[in-house]
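Novice: One predicted model, sequence on top.
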Amino acid sequence: MKDNLQIAIDGPAGAGKSTIAKGIAHRLGIFYVDTGAMYRAITYKAMSINIPLDQEEAIVELAWKCDIVLDHTEARKIHCDGQDITEAIRTPEVSRNVSIIAAYAGVRERLVDLQRREAQRGSVVMDGRDIGTYVLPEADLKIFLTATAEERARRRWLELQKTSKQISFAEVKRDMQMRDQTDQQREVSPLVPAADAIILDTTGLSVEEIIERIISLINN
Ligand code: DC
């Protein structure tokens, strides 16, 4: 395996990106960078200190001030200004609002800078929406994961069932569709597959099968 391997995994919510990326990082012993967690961190922070999310200037300023640290142990904690926010960023409220702040160019500039610095630390598998198209355009392997809207909502709903949050399947599906739409239609770095990405539909495939396919692509 080469020294500074870069694997980009993009796709819509619930396509399995983080599960697959974590599995690959574990198998290859390389860093995993969850870029969605960074956008969630800024959203959570703004909500917790009552900055209205439509105040772009204030949100961008907050993004540049926040000290976001991703921990690269298997615990995969995320801290913001010293506070462990790993669980707090996964609530339906944060999920509902994150697309708003992810559309701000100034927020993206700050987080892309952090993401590229993470990639300089060593071999990395990074997941998000614009990794192959913008953050790591020279990545060795670009994967665009998809699955049907029904399947993606089902996965996210099952995940949320493990937490104390009560939310119906219909609500999860509706929130997810709205989020996908905003992510696809925004002006800066919209969610689209890179021209050289391999598109992998994960509907009906097991996590292990998907990981195997991706690993075999790296080895080819
Ligand atoms: O992957 P996720 O669901 O945790 O991402 C949360 C949101 O962050 C998603 O709706 C879009 C945004 N995002 C983005 O715009 N660019 C990225 N590279 C990663 C996430």
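Specialist: That came in fine, so what should we check first?
Novice: what separates residue 160 from the ligand, distance-wise?
Specialist: Distance, residue 160 to the ligand, by Cβ to the nearest ligand atom, to the nearest Å: 12 Å. All C-beta atoms are positioned from the backbone trio N, CA, C, and that covers glycine.
Novice: residue contacts, that residue?
Specialist: Counting by Cβ atoms under 8 Å, 6 or more residues apart in numbering, residue 160 touches 92, 167, 172.
Novice: if you set the cut-off to 10 Å instead, what comes out?
Specialist: 90, 91, 92, 95, 166, 167, 169, 171, 172 (Cβ atoms under 10 Å, 6 or more residues apart in numbering).
Novice: Can you tell me which of those residues are buried?
Specialist: Among the contacts of residue 160, those classed as buried by neighbour count (16 or more other Cβ atoms under 10 Å) are 90, 91, 92, 95, 167, 172.
Novice: Now do the SS call for the residue nearest to residue 213 when sequence neighbours are not counted.
Specialist: With sequence-adjacent residues excluded and distances taken as Cβ to Cβ, 6 or more residues apart in numbering, residue 213 is closest to residue 200, at 6.8 Å. Here residue 200 takes the strand state, with states given by DSSP: H, G, I helix; E, B strand; the rest coil.
Novice: How many residues are close by residue 200?
Specialist: Neighbourhood size, residue 200 [other Cβ atoms under 10 Å]: 20.
Novice: from what I can see it touches residue 15, true?
Specialist: Yes - counting by Cβ atoms under 10 Å, residue 200 touches residue 15, with 8.8 Å between them.
Novice: Give me the common contacts of the two.
Specialist: The contact lists of residue 200 and residue 15 share 9, 143, 144, 145, 146, 147, 210, where a contact means Cβ under 10 Å, 6+ apart.
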